[in-house]
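# sequence unknown, structure follows:
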């Protein structure tokens, strides 16, 4: 269940992980995209950090909403609207429930609606969908997250900029899937599920 | 990497400031954004606002096409990254003179999503916002297995024609109909001689051998359809004209507008040589070229190469709209 403490902890850990892996994420984005995913996410998470420090929201909904607005307004590209929409949908539902399963499911639904993509198209959905299922089944662990990220390697992209590379996208991990992997491993580290 | 800059993360902010300070009689910055707007009394002679935008690094696109007779406002995103919905929303509000706002979006997943979100935001303010997604790059096959064709240099023809009709007083429905009429008639294809270096990344997005070229490269360095050894301009022109001829099902007697666009690091001298060859090839097809334009309009930072845009002029009125004078810094 999300609380003010563990949600803030989660976002703090996610920010730190993104900053640490910024260059790696941009490297992943170079062969199949335009090499800026790490920079864009880094800029967005810095803004999230600053806004949360400044506004000090006192409830989970406020935290999720601030995060959504910062990601929407600072990340740009496709990742901004996708991550932003996910957090916005989670924020909306958080007035009804703070259970992680339904919240992540709402986030996933938002991503699918905004990006018009499905499972298997080599996008962040290929991490979000199995994670949502594993949370529901009570089986989510780091290995499951890493396996989901890794699964995008053998897929051929049919959405987003990587789709222009066609078959040549096979063999590369999707950068959005990798950053989503960090989102969920830091979620586990923050103790959100325990 | 050698670039004239300060902090690479501030490059867009500083570029926009430099731009509006260079042309204070023509352009102003929309407060709190990196969007640029024309200096004009919108209420005095209200027009449908035409707004475009996209990632930076394609200068003079799009801010250079803001002015009387073309765009009302342009939103500058980070380098090769779509602008964010809040910024697009501010530009829509600023461009609205009560007759609605028309958005010209290039077909990239990020641009489409961010502009759609901004459109949703503006709809809540009761602004009539409509849009077109431009997808003129024929290097990419339009299929369910890709994002679809990308929007590239041909977008500038859309800006020009819609801007001219908006200035003349056309309503939003007419502008929307026209946008859907002209866009399928615009087709572009490019050839790259070298890759582009994003300032924050510091190295080229792709590398070509010193004697190698790549056909069909996108304006963000998206891979093209074929690499080969560099040959003369006539050979390059034959390849690109051939692709466009096929895409247009070109037949003798038809009328066209032609633009040779430099991708950033190719001298105008080479672009004129290339256009000379293009015009020879088109003359051999017995088609009429009613409008020509050569220069750096939709660049890709420091990429070397050119793109060729050919627009079929199915309506006799379009060429007059392309010819009309405008007060922009880029056209």
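The structure has been received and is ready for your questions. Only a predicted model underlies this, so the values are computations on that prediction, with no experimental measurement involved.

# in the stretch 101-250 of chain B, which spans are helices?
Residue ranges of the helices in the stretch 101-250 of chain B, as given by DSSP state H, counting those that start in this stretch, are B:109-123, B:155-168, B:172-182, B:233-248.

# can you tell me what sits against the longest one?
Right, the one you point to is helix B:233-248. Helix B:233-248 has contacts (Cβ atoms under 8 Å, 6 or more residues apart in numbering or on different chains) with B:138, B:187-191, B:213, B:215, B:250, B:254, B:256, B:270, B:273-274, B:276-278, B:280-282, B:285, B:306, B:308, B:310, B:312. C-beta coordinates here come from the backbone N, C-alpha and C atoms, glycine included.

# which of the helices of the stretch 101-250 of chain B sits most buried?
Mean neighbours per residue, mean count of other Cβ atoms under 10 Å in any protein chain shown, is largest over the helices of the stretch 101-250 of chain B for helix B:155-168, with a mean of 25.

# contacts for it next, please.
Outside helix B:155-168, the residues that touch it by Cβ under 8 Å, 6+ apart are B:47-50, B:52, B:61-62, B:65, B:68-72, B:102, B:104, B:106, B:132, B:134, B:136, B:174-175, B:178-179, B:182-183, B:186, B:257, B:259, B:297-298, B:309, B:311, B:318, B:321-322, B:324, B:326, B:331.

# what mean pLDDT does that helix have?
Averaged over helix B:155-168, pLDDT sits at 98.

# distance from the chain centre to it, please.
Mean-position distance between helix B:155-168 and its chain equals 12 Å (Cα atoms, centre = their mean, to the nearest Å).

# tell me what angle that helix forms with helix B:172-182.
Relative orientation of helix B:155-168 and helix B:172-182, computed by axes from the mean of the first three to the mean of the last three Cα atoms, to 10 degrees: 150 degrees.

# can you pull the contacts of residue 140?
Assuming you mean chain A. When contacts are counted by Cβ under 8 Å, 6+ apart, residue A:140 is found next to A:131, A:134, A:184, A:188, A:193.

# not what I meant, chain B
Counting by Cβ under 8 Å, 6+ apart, residue B:140 makes contact with A:164, B:146-150, B:216, B:218.

# can you flag which of the contacts of helix B:233-248 belong to strands?
Secondary structure assignment by DSSP state E places B:187-191, B:213, B:215, B:256, B:306, B:308, B:310, B:312 of these in strands.

# kindly state the pLDDT recorded for the residue nearest to residue B:254 when sequence neighbours are not counted?
Excluding its sequence neighbours, the residue lying closest to residue B:254 (Cβ to Cβ, 6 or more residues apart in numbering or on different chains) is residue B:287, at 5.1 Å. Residue B:287 is assigned 98 on the pLDDT scale.

# need the three-state assignment for residue B:53.
strand (DSSP: H, G, I helix; E, B strand; the rest coil).

# next, count neighbours for it.
Close neighbours of residue B:53, defined as other Cβ atoms under 10 Å in any protein chain shown, add up to 30.

# you'd agree it is up against residue B:62?
Yes. Under the criterion of Cβ atoms under 8 Å, residue B:53 makes contact with residue B:62 at 5.5 Å.

# and the gap between the nearest residue to residue A:190 once chain neighbours are set aside and chain B?
Leaving out its chain neighbours, the residue that sits closest to residue A:190 by Cβ to Cβ, 6+ apart is residue A:10, at 3.7 Å. The spacing between residue A:10 and chain B, counted by Cβ to the nearest Cβ, to the nearest Å, is 23 Å.

# distance from the helix or strand containing residue A:10 to the middle of the chain?
Take DSSP states H and E as the rule and residue A:10 turns out to sit in helix A:4-32. The chain centroid and the centroid of helix A:4-32 are separated by 9 Å under Cα atoms, centre = their mean.

# coming back round to it: quick one: which of the contacts of residue B:140 is nearest residue A:139?
Distance to residue A:139, by Cβ to Cβ, is smallest for residue B:147 among the contacts of residue B:140, at 33.6 Å.

# what pLDDT is listed against the closest one?
For residue B:147, the pLDDT comes out at 75.

# hmm, it is touching residue A:169, no?
No. The criterion here is Cβ under 8 Å, and residue B:147 misses it with residue A:169 at 11.8 Å.

# buried among the contacts of helix B:233-248? Make that a ChimeraX selection.
Selection of the buried residues among the contacts of helix B:233-248 in ChimeraX, burial being defined by 16 or more other Cβ atoms under 10 Å in any protein chain shown:
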select /B:138,187,188,189,190,191,213,215,250,256,270,273,274,277,278,281,282,306,308,310,312
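
# ok, residue B:195 - contacts?
Going by Cβ under 8 Å, 6+ apart, residue B:195 touches B:204-208, B:221, B:303.

# now render these as a markdown table, adding distance to residue B:96, pLDDT and neighbour count.
As requested, the contacts of residue B:195 are exported to a markdown table (distance: Cβ to Cβ, whole Å; pLDDT from 0 to 100; neighbours: other Cβ atoms under 10 Å in any protein chain shown):
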| residue | distance to residue B:96 | pLDDT | neighbour count |
| --- | --- | --- | --- |
| B:204 | 40 | 90 | 19 |
| B:205 | 37 | 85 | 26 |
| B:206 | 40 | 88 | 18 |
| B:207 | 45 | 91 | 9 |
| B:208 | 45 | 95 | 18 |
| B:221 | 35 | 87 | 25 |
| B:303 | 35 | 97 | 28 |
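
# most widely separated two among those?
Most distant of the contacts of residue B:195, by Cβ to Cβ, are B:207 and B:303, 12.0 Å apart.

# need the contact list for residue A:72.
A:80-81, A:84-85, A:88, B:84-86, B:117.

# reformat those residues as TSV; add secondary structure, distance to residue B:5 and pLDDT.
TSV is the format used below for the contacts of residue A:72 (DSSP: H, G, I helix; E, B strand; the rest coil; distance: Cβ to Cβ, whole Å; pLDDT from 0 to 100):
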residue	secondary structure	distance to residue B:5	pLDDT
A:80	helix	24	92
A:81	helix	28	93
A:84	helix	28	94
A:85	helix	33	93
A:88	helix	34	92
B:84	coil	22	93
B:85	helix	27	93
B:86	helix	25	93
B:117	helix	30	89
